[in-house]
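Chemist: Just to be clear, the model below is a prediction. Sequence and coordinates:
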Amino acid sequence: QVRLVESGGGLVQAGASLRLSCAASERTFDAYAMGWFRQAPGTEREFIAASSWDGTNTNYASSVKGRFAISRRSGESTVYLQMNNLKPEDTAVYYCAASTFTGTATTLRAHYSVWGQGTQVTVSS
């Protein structure tokens, strides 16, 4: 079974940066979108960022636009999330996701069928 493995979470102070990584155990998602979601306690999982299969098109939630950047090399099943100027409200479990539905940078949770185990990001004030 194909797995997504995330790394890079941690505890940082407000204003700091973190870089999350996500790699698939197989090159199954080369032609598909990959993205990041997050879930804070008591809230629903929300979309953060998405990349098209070749990394040329991206989408972001308004809450992170200008601070976060998703990147991916064309045709690879590895995706990164560079998070700058972190705020306490960014505290959440961050999940990597891969689509088997589309290669465009979709923002819809329903388009993602494979999920990582999540990595905790905690931002202190």
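Modeler: Received the coordinates, thanks.

Chemist: In the helix or strand that contains Cys22, which residues are buried?
Modeler: Per DSSP states H and E: Cys22 is located in strand 18-24. For strand 18-24, the neighbour count (16 or more other Cβ atoms under 10 Å) marks Leu18, Leu20, Cys22, Ala23, Ala24 as buried. Heads up, the C-betas are built off the backbone N, CA and C, glycines and all.

Chemist: do the same with stretch 54-73
Modeler: Of the residues in stretch 54-73, those buried by neighbour count under the rule 16+ other Cβ under 10 Å are Gly55, Thr58, Asn59, Tyr60, Ala61, Val64, Phe68, Ala69, Ile70, Arg72.

Chemist: Cys96 is in contact with the last one, correct?
Modeler: No. If you go by Cβ atoms under 8 Å, Arg72 and Cys96 don't touch, sitting 11.0 Å apart.

Chemist: Report the set of residues contacting both of the two.
Modeler: In terms of Cβ atoms under 8 Å, 6 or more residues apart in numbering, Arg72 and Cys96 are both contacted by the residues Met34, Val79.

Chemist: if we can go back for a sec, pull up the pairing partners for the strand holding Cys22, direction included.
Modeler: strand 4-7 (antiparallel), strand 78-83 (antiparallel) (DSSP bridges).

Chemist: And for the longest one, what's in contact with it?
Modeler: Counting by Cβ under 8 Å, 6+ apart, strand 78-83 makes contact with 17-24, 34-36, 48-49, 51, 64, 67-72, 90, 94, 96, 121, all of which sit outside it.

Chemist: what is the mean pLDDT for it?
Modeler: Strand 78-83 shows an average pLDDT of 95 in the prediction.

Chemist: can you give me the offset of it from its chain's centre?
Modeler: Here strand 78-83 is found 6 Å from its chain centre; the criterion is Cα atoms, centre = their mean, to the nearest Å.

Chemist: Mind listing what's buried along that strand?
Modeler: Under the neighbour-count rule (16+ other Cβ under 10 Å), strand 78-83 has Thr78, Val79, Tyr80, Leu81, Met83 buried.
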